[in-house]
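Enquirer: Structure, please.
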Amino acid sequence: MFFSTKAFALIVASLTVATQASPTPEAAAEAQIGPTHIGDATFYTPGLGSCGRTNNANELVAAVASPVFDTFPGHTANPNNNPICGKTAVVTFGGKSVTVTIVDRCPGCGSGGIDLSPAAFQKLAPLSQGRLSGTKWTVQ
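Expert: Residues are numbered from 1 along each chain as shown. You can find the predicted model right below:
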């Protein structure tokens with residue numbers, strides 16, 4: 001068979017596009033829900049948070065590490081307008097998980113830390129444990 005230079009270039013381009021690697025399922029999921037953070041989970045008594053909402057200790061809410069809160073895509077100088085506000089995060093420790101709503105910023109948390117309401121913390125461990133090292137959490 002004989003192909004013109006143009007036809008040959010079109011065939012090569014089509015094959016190149018068709019054989020390019022697709023993202024892994026993990027990469028595709030991360031692009032939709034954000035990266036998994038690993039750090040310490042602690043607990044605090046919620047009140048008026050950085051998102052401009054007032055919450056209490058019985059709600060399943062959290063304050064996320066400042067580096068995450070402050071660099072969340074679309075954030076502005078006004079923390080009340082941060083797009084992370086109101087999003088949920090799945091927090092996992094020791095084979096247990098809890099889904100929390102992000103309502104605050106945690107300036108004392110390490111870069112991968114999360115501060116949970118007492119109600120949320122107790123879904124993972126007793127309050128007497130105080131700090132859960134190696135906790136994983138992902139913004140949904």
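Enquirer: Count the neighbours of residue 72 for me.
Expert: The local packing of residue 72 (other C-beta atoms under 10 Å) involves 17 other residues. The C-beta positions use only the backbone N, C-alpha and C, and glycine is treated the same way.
Enquirer: show me the contacts for the closest residue to residue 85 other than its chain neighbours.
Expert: The shortest distance from residue 85 to any residue other than its chain neighbours is 3.5 Å, reached at residue 51 (C-beta to C-beta, 6 or more residues apart in numbering). Residue 51 is in contact with 79, 80, 82, 85, 86, 102, 103, 104, counting by C-beta atoms under 8 Å, 6 or more residues apart in numbering.
Enquirer: so what pLDDT did the first one get?
Expert: So that's residue 79. At residue 79 the predicted local confidence, pLDDT, stands at 89.
Enquirer: Let me know the helix or strand that the residue nearest to residue 85 is in.
Expert: Taking DSSP states H and E as the definition, one finds residue 51 inside no helix or strand.
Enquirer: Can you check what pLDDT the model gives it?
Expert: Confidence per residue is given as pLDDT, and for residue 51 that number is 96.
Enquirer: Check the gap between it and residue 58 for me.
Expert: When C-beta to C-beta, to the nearest Å is the yardstick, residue 51 and residue 58 sit 18 Å from each other.
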